[in-house]
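In: Build the 3D model from these lines:
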Amino acid sequence: MGTSASNSTSSNNGVSTKYLNDVAKWKSELHLATEEIDFLESFLSSDIFEPSLPNLFEKLQLFLNKLESFRNSKEKLDVAIEELAQFNNKDSISLYRAHHIKLRKQQRYFVERFSDFKIDIYNSTIDLLKKS
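Out: So this is what the prediction gives:
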């Protein structure tokens, strides 16, 4: 048939190189998210905020709780991506593609929500920092 199909397909179980590249990108994004979550937890737990502000502890705790929720979501995505990466050629390629598309949507949703949340943290805490 066509050589284009063989060019776009990896020798890795017949899975398209594009799909394999997506998986590698997702793993990288989630690794970065782990580092950002760790940093934000340290940031929110540090002694850099004005202690006299009303409801400071409660506000910071809400952010920390949401960060934990993001960590849990990220870990679920890690597992799902690893399962997809372990795909073997006995499985249906169409089933792989369906899982890949579903996971792509979940990954995008996570990245977009987490990005918005980071902006919210920074915008909400900038005026809470100690002045000296």
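
In: Residues contacting stretch 39-58, please?
Out: 60, 63-64, 67, 118, 121, 125, 128-131 (C-beta atoms under 8 Å, 6 or more residues apart in numbering). Quick note: C-beta positions are derived from backbone N, CA and C, even for glycine.

In: Can you tell me which of those residues is nearest residue 79?
Out: residue 67 (19.1 Å; C-beta to C-beta).

In: in which helix or strand would I find that closest one?
Out: Assigned by DSSP states H and E, residue 67 belongs to helix 56-85.

In: Report the inter-axis angle for the helix or strand containing residue 122 versus helix 56-85.
Out: For residue 122, the host element (DSSP H and E) is helix 93-125. Going by axes from the mean of the first three to the mean of the last three C-alpha atoms, to 10 degrees, helix 93-125 is angled at 160 degrees with respect to helix 56-85.

In: Spell out which residues sit in contact with residue 27, please.
Out: Here residue 27 is in contact with 78, 81 (C-beta under 8 Å, 6+ apart).

In: who's in contact with the residue minimising distance to the centre of the chain?
Out: Taking C-alpha atoms, centre = their mean, the centroid of the chain lies closest to residue 30, which sits 4.0 Å from it. Counting by C-beta under 8 Å, 6+ apart, residue 30 makes contact with 74, 77-78, 81.

In: same thing but 6 Å
Out: Going by C-beta atoms under 6 Å, 6 or more residues apart in numbering, residue 30 touches 74, 77-78.

In: can you tell me how far it sits from residue 49?
Out: Going from residue 30 to residue 49 by C-beta to C-beta, to the nearest Å gives 29 Å.
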